[in-house]
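sharing a sequence plus its predicted fold:
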Amino acid sequence: MKFNYKNILFFASLATFGLVSCDTDFLDVTPPSEIASEQVWTDGALSEAFVTGIYSGLQQGGFSEQMLASLSDEAVFTHTGRNINTVNEGSLSPSNLGWVDDTYGWSPMYQRIRSTNIAIQNLKTATFTDETLKSRLMGEAYFLRAYYYHQLVRYYGSVPLITKVYDLNEDYAVARNTFEECVSFIVTNADSAAMLLEGKTLVKGRATKEAALALKSRILLYAASDLHDIPTAKAKSSVIAAYAKPEFLGYLS
C-alpha cells in the first residue's frame, strides 16, 4: 500500500485529535505516599504526625554515634574520616571546625524552627474538632520553637528571630535580634507552652508543662551568667570590650 503526504497528514491529525480529546482525569491523582499540606490540618492524627516529626531535631542530646566529647581533648572517636577529632589532631581552624551535630547546627535548627512556625500558624485555623489535641499540639510546637532557639542562642549568641513562614521570592534578609530580645522570646514561648500543656494527659516522649518551665529556667540561668552581663564581661575580657556589637552577646545594663 502506498501513502501520499495527504494520507499521512490525515492520519496524524486524527491521532492528535484523539490524544487531545481523551479524558486525562486519570493523570490527576494523589500520590499514595504523600499528603497535601492543606489536608494535614483537617485531621488530628495528621497534625499530630507533623508535630511529632519536629521532635527529630532534638537528636540524642549530644549522645549520638560521634559523641561531643570528641570535639574536645576529652575523648577520641576511633572511626576514621569523620573529622570530629580536630582538637586532638591539631587541625582545628576557621575553615575546619570539624563535625557539627544537628542539635546545634545553624541550618538544621532553622529548618526545625520553620516547621514549628508552620505548625503554630496552621493549628490556629485547623478544622479538626478535637480542641484538647489542638491545644496540646500548639503547646508542643511552642516548646520546640523555644528549645531550638535556646540551642542557637547557647552556641551563637543572639540570632534572627523568625516567626513567620516564608514563601518563595520573598526578601529573606532579616536583622539579627539582640541577646535580650532572644532570651525574652524564648521565655515567652516557654510560658505559652506551659500554659497550653497544663492539665493535658501526659504523652510519653513529648513536651509537658514541667519541661517547658525547666527550659525557661535553663535559659534564664544561662542569661544570668557574668558572661552575658556586658559591663562585667568587658571588664574581664578585652575581646568583649573591643566587640562593636555587645548587644548581640548579652545585656548592656
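Cool, the structure landed.

between the two ends of stretch 112-131, how far is it?
Taking C-alpha to C-alpha, to the nearest Å, the first and last residues of stretch 112-131 lie 24 Å apart.

any stretches of the stretch 51-200 of the chain with poor pLDDT?
Applying pLDDT under 70 to the stretch 51-200 of the chain flags the ranges 60-64, 97.

tell me where it has helices.
Assigned by DSSP state H, counting those that start in this stretch, the helices in the stretch 51-200 of the chain fall at 86-89, 106-123, 131-156, 179-197.

just put those in TSV and tack on mean neighbour count and distance to Thr42.
No exception for glycine: its C-beta is placed from N, CA and C like everyone else's. Formatted as TSV, the helices of the stretch 51-200 of the chain follow (neighbours: other C-beta atoms under 10 Å; distance: least, C-beta to C-beta, whole Å):
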stretch	mean neighbour count	distance to Thr42
helix 86-89	15	48
helix 106-123	19	10
helix 131-156	22	12
helix 179-197	21	21
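
now these in TSV, with distance to Ala75?
Output for these, formatted as TSV (distance: least, C-beta to C-beta, whole Å):
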stretch	distance to Ala75
helix 86-89	9
helix 106-123	23
helix 131-156	20
helix 179-197	30
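
in contact with the residue nearest the centre of the chain, which residues?
Centroid-nearest residue in the chain: Arg112, 1.3 Å away (criterion: C-alpha atoms, centre = their mean). Listed by C-beta atoms under 8 Å, 6 or more residues apart in numbering, the contact partners of Arg112 are Ile54, Ser56, Gly57, Leu144, Tyr148.

quickly name whichever of these is closest to Trp99.
Gly57 (17.0 Å; C-beta to C-beta).

distance check, the closest one against Ser47.
Separation of Gly57 from Ser47 (C-beta to C-beta, to the nearest Å): 18 Å.

and if you look at Thr188?
Counting by C-beta to C-beta, the separation of Thr188 from Ser47 is 23 Å.

next: Gly53.
For Gly53 relative to Ser47 (C-beta to C-beta), the value is 11 Å.

please say which of these two ends up with more neighbours.
More crowded of Gly53 and Ser47, by other C-beta atoms under 10 Å: Ser47, with 22 against 12.

so the more buried one is in which element?
Per DSSP states H and E: Ser47 is located in helix 44-54.

and what of Lys234?
Assessed by DSSP H and E, Lys234 sits inside helix 230-236.

for that helix, packing partners?
Secondary-structure packing of helix 230-236 (3 or more C-beta pairs under 8 Å, 6 or more residues apart in numbering; DSSP states H and E): helix 238-242.
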